[in-house]
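**Q** heads up, no residue letters with this:
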């Protein structure tokens, strides 16, 4: 009897020991990732090689940006760190001229710095050519290019004529409400502003408006033209004086210090005489003086004035504008006879081809139709010289 009990006890202890061993093994297997049961497949994750090129995430200046400072550092940011490969990266002006730059990379940002200040009122193109840079894995970029335009040059040519254009609500309401317009209007408080587009290559054209402050279509057309040209490629140089006498434009005045400004361009120091001298100094190819005539006045209709002598080019320009805008052509034989002291006549007498472009509108009044007609006359002058 004792032997049976002993055998039973031994069997119980043996089973208990087996359970302890099995329990310990399972716990160890669960907690130790380096231990795998036999015939078990272990799955691992292998990362694929990087074959994607860098992607541009931003540029500064932005694509097609306007009013960019002439000392701007150009930055292009990518979605990953980059390095130089061929370094074929260019900055060119609107004439295709290569602009010297220094190039550097920091992390994911490419920086281009022109070695000298850029020209004002000029459109530039940045070109980062194919495989010029790559990511750290050697994946080269595809070609990427974008344009930007530098700040518009606004100078004051006469500091005695300043006025607040905003005081003339009829005039101001038709002026485009842009940053550039605001800059010009602010400058006009200090004198006669001149806005320059282009970089002195090719033909040079001077557009003048506001000789008479009570004639409103031309100044607003000039401001419309200025905003249109901002960012455009100019094949030459365009100078625009939107308010020849800002004070008069602000107060809808025709006379300046008791004189008709368009009869004293031959008198030293007058606003129009200063413009004549400026045209000669700039060596402009042509000048357009833009006005409006009220019903019953002279000419009392939409018209283009010109003379054939001593500058025959005046007649050729006027004929082109007349034909392309369906406007009457009024031709005189010799400058300075019918209208001595007029801006157009004085320019022609000094060898600067000039025309006077009129639209029919009541003095002190303004309509979109006449604004746009004056604008089309300005465009026709520029088109004659293939400057746009």
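**A** That came through fine. Quantities reported herein were computed from a predicted structural model and do not represent experimental measurements.

**Q** for residue 125, helix, strand, or coil?
**A** The local conformation at residue 125, judged by DSSP: H, G, I helix; E, B strand; the rest coil, is strand.

**Q** assign a three-state SS to the nearest residue to residue 223 once chain neighbours are set aside, would you?
**A** Spatial nearest neighbour of residue 223, excluding adjacent residues (CB to CB, 6 or more residues apart in numbering): residue 175 at 4.7 Å. Placement of C-beta: from N, CA and C, glycine included. For residue 175, the secondary structure call by three-state DSSP comes out as coil.

**Q** what about residue 175, neighbour count?
**A** Counted with other CB atoms under 10 Å, residues neighbouring residue 175 total 22.

**Q** go through stretch 217-231 and flag the buried ones.
**A** Neighbour counts over stretch 217-231 (16 or more other CB atoms under 10 Å) mark 217-227, 229-231 as buried.

**Q** that one: how far from the chain's middle?
**A** The chain centroid and the centroid of stretch 217-231 are separated by 14 Å, computed with CA atoms, centre = their mean, to the nearest Å.

**Q** again with stretch 269-288
**A** Relative to the chain's own centre, stretch 269-288 is displaced by 26 Å; criterion: CA atoms, centre = their mean.

**Q** quick one: average pLDDT of it?
**A** For stretch 269-288, the mean per-residue pLDDT is 98.

**Q** in stretch 154-165, which residues are buried?
**A** 154, 156-158, 161-165.

**Q** closest to residue 244 among the buried residues of stretch 217-231?
**A** residue 219 (8.6 Å; CB to CB).

**Q** okay, residue 18: pLDDT?
**A** At residue 18, pLDDT is 47.

**Q** so how far is whichever strand or helix holds residue 155 off the chain centroid?
**A** Using DSSP states H and E, residue 155 falls within strand 153-158. Mean-position distance between strand 153-158 and its chain equals 19 Å (CA atoms, centre = their mean).

**Q** relative to it, what are the paired strands and their orientations?
**A** strand 192-198 (antiparallel) (DSSP bridges).

**Q** number of residues surrounding the residue lying closest to residue 67 once chain neighbours are set aside?
**A** Of all residues not flanking residue 67 in the chain, residue 151 sits nearest, at 4.8 Å (CB to CB, 6+ apart). Number of residues near residue 151 (other CB under 10 Å) recorded here: 18.

**Q** how's this structure carved up into domains?
**A** Domain segmentation of the chain under automatic domain parsing yields 56-150, 153-384.

**Q** for the first one, how far is the first residue from the last?
**A** Domain 56-150 has an end-to-end distance of 22 Å (CA to CA, to the nearest Å).

**Q** show me where the stretch 151-300 of the chain has strands.
**A** In the stretch 151-300 of the chain, the strands defined using DSSP state E, counting those that start in this stretch lie at 153-158, 192-198, 204-209, 237-241, 286-293.

**Q** turn these into a markdown table, including distance to residue 369.
**A** A markdown table is the format used below for those (distance: least, CB to CB, whole Å):
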| stretch | distance to residue 369 |
| --- | --- |
| strand 153-158 | 29 |
| strand 192-198 | 25 |
| strand 204-209 | 17 |
| strand 237-241 | 22 |
| strand 286-293 | 12 |
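
**Q** residue 145: which of those is closest?
**A** Closest among the strands of the stretch 151-300 of the chain, using CB to CB: strand 192-198, at 21.5 Å.

**Q** wouldn't residue 118 be in contact with residue 112 here?
**A** No - using CB atoms under 8 Å, residue 118 is not in contact with residue 112, being 11.5 Å away.

**Q** what's the local residue count around the closest residue to residue 225 other than its chain neighbours?
**A** Using CB to CB, 6+ apart and skipping the chain neighbours, the partner closest in space to residue 225 is residue 378 (5.2 Å). Residue 378 has 25 neighbours, counted by other CB under 10 Å.

**Q** and residue 378, what does it touch?
**A** Neighbour list for residue 378: 207, 221-222, 225, 288, 290, 357 [criterion: CB atoms under 8 Å, 6 or more residues apart in numbering].

**Q** 10 Å instead, please
**A** 205, 207, 209, 218, 221-222, 224-225, 228, 238, 240, 288, 290, 321, 325, 357 (CB atoms under 10 Å, 6 or more residues apart in numbering).

**Q** in the helix or strand where it lies, what counts as buried?
**A** Element membership for residue 378, per DSSP H and E: helix 368-384. Buried positions in helix 368-384, judged by neighbour count with 16+ other CB under 10 Å: 370-371, 373-382, 384.

**Q** output the below-cut-off pLDDT ranges for this protein.
**A** In the predicted model of the chain, residues 1-47, 199 satisfy pLDDT under 70.

**Q** if we go to 80?
**A** For the chain, applying pLDDT under 80 flags the ranges 1-47, 199-201.

**Q** hang on, the earlier thing: pretty sure the residue nearest to residue 223 contacts residue 225?
**A** No - using CB atoms under 10 Å, residue 175 makes no contact with residue 225, being 11.6 Å away.

**Q** overlap in contacts of those two?
**A** Joint contacts of residue 175 and residue 225 (CB under 10 Å, 6+ apart) are residue 242.

**Q** surely residue 301 and residue 295 touch.
**A** Yes - the criterion here is CB under 10 Å, and residue 301 meets it with residue 295 at 8.7 Å.

**Q** overlap in contacts, the two.
**A** Common neighbours of residue 301 and residue 295 (CB under 10 Å, 6+ apart) are residue 360.

**Q** neighbour count winner among those two?
**A** Set side by side, residue 301 and residue 295 show more neighbours around residue 301, with 14 against 9, by other CB under 10 Å.

**Q** am I right that that one falls within a helix?
**A** No - according to three-state DSSP, residue 301 belongs to no helix; its state is coil.
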